[in-house]
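Trainee: dropping the sequence and predicted coords here.
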Amino acid sequence: MLFLAGVPGALKRLKDRLVPSGTTETLTDARMLKLDNLDATVASRAPSSTALSTATWTPTKAGYLDAAISSVKMKGQVNMVRDTAVTAAAMGAFANELKGYGAGYSAPATMNAAQYYELLSVTAAGWLYLVVTHRESGFSSGTLATRITIDGDVWDVVTDTGSATALYGHVAHGVRSGDSKVIMPIPVRFETSLKVEIASSVAQSSSSKAASRILYSLDT
């Protein structure tokens, strides 16, 4: 039995390793498995010199992180509060003047009265800056309306007064100067989708009689 004399001491040393002095924590299977995370030398980790100092990373600054980043990011706008009944005005003296307002999107050759036609539909995230809707040559006298939808939310429709004059129309999104010579963009965020539609109060046929200039960008 003498060969068992050293067992109690060995068990005591093992216990001290599994339960360090001054603590009740034990070296469990779960903790043993975490040792697998030590798969590289400590020297390969980021050096301490890259850590923020307590002078830079203060408790006050840490306290500002009181919400998820997703909850405070710029969100799509449900509506843009603006004039919805406007007077048709010249958007340019000639067609080339409209090129600075964004890409051109023409309505179908045939338009039914009071029916909206989709000019642009984007399913992505980005920014809308400007929407200008105008009549083309041969437009049958009537009103033009623009409907903008951001992330599924339909904005109030902008409708102008009746006219048959080419290049007359309205700014559906943006700000037009009093003399109609400057149209200023307004950046508005969309997270999932952007859609622009237009409608004429009277039927149009033969060729595209209405169009919009739309300035927008997409996230990379």
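Mentor: Alright, I've got the coordinates.

Trainee: surely Gly126 meets Asp219?
Mentor: Yes. With contact defined as Cβ atoms under 8 Å, Gly126 counts as touching Asp219 (5.5 Å). Where you see a C-beta, it was placed from the backbone N, CA and C, and this is true even at glycine.

Trainee: between those two, who's got more neighbours?
Mentor: Gly126 (17 against 10; other Cβ atoms under 10 Å).

Trainee: who does the more buried one bridge with?
Mentor: Beta-bridge partners for Gly126, by DSSP bridges, are Phe190, Leu218.

Trainee: contacts only, for it.
Mentor: By Cβ atoms under 8 Å, 6 or more residues apart in numbering, the contact list for Gly126 reads 189-190, 194, 216-219.

Trainee: for these, give me CSV that also has distance to Leu35 and pLDDT.
Mentor: Listed next are the contacts of Gly126 as CSV, based on distance: Cβ to Cβ, whole Å; pLDDT from 0 to 100:
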residue, distance to Leu35, pLDDT
Arg189, 47, 93
Phe190, 49, 94
Leu194, 52, 97
Tyr216, 53, 97
Ser217, 50, 96
Leu218, 47, 97
Asp219, 42, 93
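
Trainee: closest one to Val182 out of the residues you listed, please.
Mentor: Tyr216 (19.4 Å; Cβ to Cβ).

Trainee: so that closest one sits in a strand?
Mentor: Yes. Tyr216: assigned to a strand according to DSSP: H, G, I helix; E, B strand; the rest coil.

Trainee: measure it to Ala145 for me?
Mentor: Per Cβ to Cβ, to the nearest Å, Tyr216 is found 20 Å from Ala145.

Trainee: got it, and Ser163?
Mentor: Applying Cβ to Cβ to Ser163 and Ala145 gives a distance of 13 Å.

Trainee: Tyr216: neighbour count?
Mentor: Other residues close to Tyr216 by other Cβ under 10 Å number 21.

Trainee: correct me if wrong: it contacts Tyr129.
Mentor: Yes. In this structure, Tyr216 is within contact of Tyr129 by Cβ under 8 Å, at 6.2 Å.

Trainee: shared neighbours of the two, anything?
Mentor: Residues touching both Tyr216 and Tyr129 by Cβ under 8 Å, 6+ apart: Gly102.

Trainee: picking that back up, of Ser163 and Ala145, who's got more company?
Mentor: Neighbours per residue, other Cβ under 10 Å: of Ser163 and Ala145, the larger number sits with Ala145, 22 against 19.

Trainee: nearest spatial neighbour of that one, skipping sequence neighbours?
Mentor: Counting by Cβ to Cβ, 6 or more residues apart in numbering, Ala145 lies nearest to Thr159, which is 4.2 Å off, once chain neighbours are set aside.

Trainee: bridging residues for that neighbour?
Mentor: Note on Thr159: beta-bridge partners by DSSP bridges are Ala85, Ala145.
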